[in-house]
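Novice: When you get a sec, could you give me coordinates for this:
(one chain, ligands or ions: 1)
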Amino acid sequence: MSLNLFWFIPTHGDSRYLGTSKGARAVDADYLRQVAVAADTLGYDGVLLPTGRSCEDAWVVASSLIHATKKLKFLVAVRPGLSTPGLAVRMAATFDRLSNGRLLINVVTGGDPTELAADGLTANHAERYEISDEFIRIWRGALSGEGGDAGFDFEGKHLRVKGAKTLYPPVQKPYPPLYFGGSSEAAHELAAEQMDVYLTWGEPPAAVAEKIADIRRRAAEHGRTVKFGIRLHVIVRETNEEAWQAAERLISHLDDDVIAKAQASFARMDSEGQRRMAALHGGRRDKLEVSPNLWAGVGLVRGGAGTALVGDAETVAARIREYADLGIETFIFSGYPHLEESYRFAELVFPLLGKGKEQGEVSITGPFGEVMATDIVPKKAA
Ligand SMILES: Cc1cc2nc3c(=O)[nH]c(=O)nc-3n(C[C@H](O)[C@H](O)[C@H](O)COP(=O)(O)O)c2cc1C
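Specialist: Numbering: from 1, shown residues only. As a prediction, this is how the structure comes out:
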């Protein structure tokens, strides 16, 4: 199975250390472009752009990166209920055309009622999943031209459209693929019935295997199959010892009261996925390796994806293969800071996964390793 390796566009900030402004850097248009260009030239298949009030807007940022990149796909997070389905459909079709078929959609139901209410969405967890379900039915119907010339009609409990159609269709047919994450039963059911790729945050392999089995079973009941992806941070170094030191360094300026505040904030959410992430460490910094080479330190303060694969390149590649053996095809990684770590991960781990450019061939047309004296070109490493 060939793996899809994605990176992450850090629209909610970037730093060398968690929980402090020490070592932080400004995330502006130039920096976002640098991260995207790095991911594109290194051979990542795509990048994830998150959504939420803590982020720069995913559509606006992704649009700004289309012309800076060539092959990179953009996994753009969309929250059903925040815009009308018709507007979302048009934005998706336009983006897919302007990027020549490089749009992927991450359907995000949302798990923080306080934030959602501030954005104008006051539905509870169950209602939000009903809205997502209806939103995606309309989205699919309108983009795939259901209803023909008359357009697509839909009358749901929360959403309705009459004669919805896409005059300028997307490049990808019938529509850009739908990715989706969520760990509640309602989420599993929606994934099974309507989504193309189910994403999980980086839980231990046994827990991921259970989720995959449950969604496969539910999908089979609908006569469907679903693909799987995982979202993880990665801390890879040339030795295991260095990698674990880097993990410790990442939280070396993190105060206990900051951890407590973050945990209290997670506790007010109704996201089952967030609950499962927080339960991995329980707010304690003394038991962070929650499964071999899976470190929950990021989740002490970061919402959402809270675990990292930690180790040397061989170890990290082996853990990736372990998840791949469970059926995971898409891996969405990130590391702090995102620019440097996109290089480090690609250079150390891609070759072990048969991914990216054949590094040795780069030297045919340009420098590959610094030349010695003025004329001695370094030999290709074995
Ligand atoms: C890979 C992945 C990416 C996600 N990205 C976002 C995001 O950008 N913004 C957000 O608010 N929630 C995000 N989520 C959260 C889920 O979309 C979902 O809304 C949340 O987990 C609540 O659903 P649940 O109770 O079913 O777990 C993401 C989840 C996963 C697995």
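Novice: For the rest of this, base every contact and every neighbour count on C-alpha atoms.
Specialist: Will do.
Novice: Tell me where the stretch 251-382 of the chain has helices.
Specialist: Using DSSP state H, counting those that start in this stretch, the helices of the stretch 251-382 of the chain run over residues 256-267, 272-281, 313-326, 338-349.
Novice: Out of these, flag the one nearest residue 246.
Specialist: helix 338-349 (11.8 Å; C-alpha to C-alpha).
Novice: for the ligand, what are the nearby residues on the stretch 201-350 of the chain?
Specialist: Neighbours of the ligand within the stretch 201-350 of the chain, by C-alpha under 6 Å from any ligand atom: 201, 231, 271, 272, 273, 274.
Novice: can you redo the residues you listed as TSV with neighbour count and pLDDT?
Specialist: Below are those laid out as TSV (neighbours: other C-alpha atoms under 10 Å; pLDDT from 0 to 100):
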residue	neighbour count	pLDDT
201	23	98
231	25	98
271	21	97
272	16	98
273	20	98
274	22	97
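Novice: of the helices of the stretch 251-382 of the chain, which approaches residue 107 most closely?
Specialist: The nearest among the helices of the stretch 251-382 of the chain, by C-alpha to C-alpha, is helix 272-281 at 14.4 Å.
Novice: How about residues contacting that closest one?
Specialist: 111, 182-184, 201, 203, 263, 266-267, 287-288, 290, 296-297, 299-300, 303-306 (C-alpha atoms under 8 Å, 6 or more residues apart in numbering).
Novice: If we use 6 Å, what do you get?
Specialist: 182, 183, 184 (C-alpha atoms under 6 Å, 6 or more residues apart in numbering).
Novice: Correct me if wrong, but the second one is in a strand.
Specialist: By that I understand residue 183. No - Residue 183 is assigned coil when assessed by DSSP: H, G, I helix; E, B strand; the rest coil, not a strand.
Novice: For it, give its distance to residue 304.
Specialist: 12 Å (C-alpha to C-alpha, to the nearest Å).
Novice: for the first one, same thing?
Specialist: Counting by C-alpha to C-alpha, the gap between residue 182 and residue 304 amounts to 11 Å.
Novice: Check the last one too.
Specialist: Relative to residue 304, residue 184 is positioned 14 Å away (criterion: C-alpha to C-alpha).
Novice: Reduced to three states, what does residue 228 come out as?
Specialist: The three-state label given to residue 228 by three-state DSSP is strand.
Novice: Now do the same contact list for the most centrally placed residue in the chain.
Specialist: A centroid search over the chain (C-alpha atoms, centre = their mean) returns residue 48, at 4.3 Å, as the residue closest to the centre. Residues in contact with residue 48 (C-alpha under 6 Å, 6+ apart) are 8, 75.
Novice: Mind pulling up the pLDDT for it?
Specialist: Confidence at residue 48, expressed as pLDDT, is 98.
Novice: Next one: it from the ligand, what distance?
Specialist: 8 Å (C-alpha to the nearest ligand atom, to the nearest Å).
Novice: so when I look at that residue, I'm seeing a helix, right?
Specialist: No - checked against three-state DSSP, residue 48 lies outside a helix; its state is strand.
Novice: What's opposite it in the beta bridge?
Specialist: residue 8, residue 75 (DSSP bridges).
Novice: if I look at it, how far off is residue 182?
Specialist: Distance from residue 48 to residue 182, by C-alpha to C-alpha: 16 Å.
Novice: same deal with residue 200?
Specialist: 7 Å.
Novice: One more: residue 356?
Specialist: 30 Å.
Novice: Please say which of those two ends up with more neighbours.
Specialist: Remark: of residue 356 and residue 182, residue 182 carries more neighbours, 24 against 17, as counted by other C-alpha atoms under 10 Å.
Novice: how about that one, what does it touch?
Specialist: Here residue 182 is in contact with residue 273 (criterion: C-alpha under 6 Å, 6+ apart).
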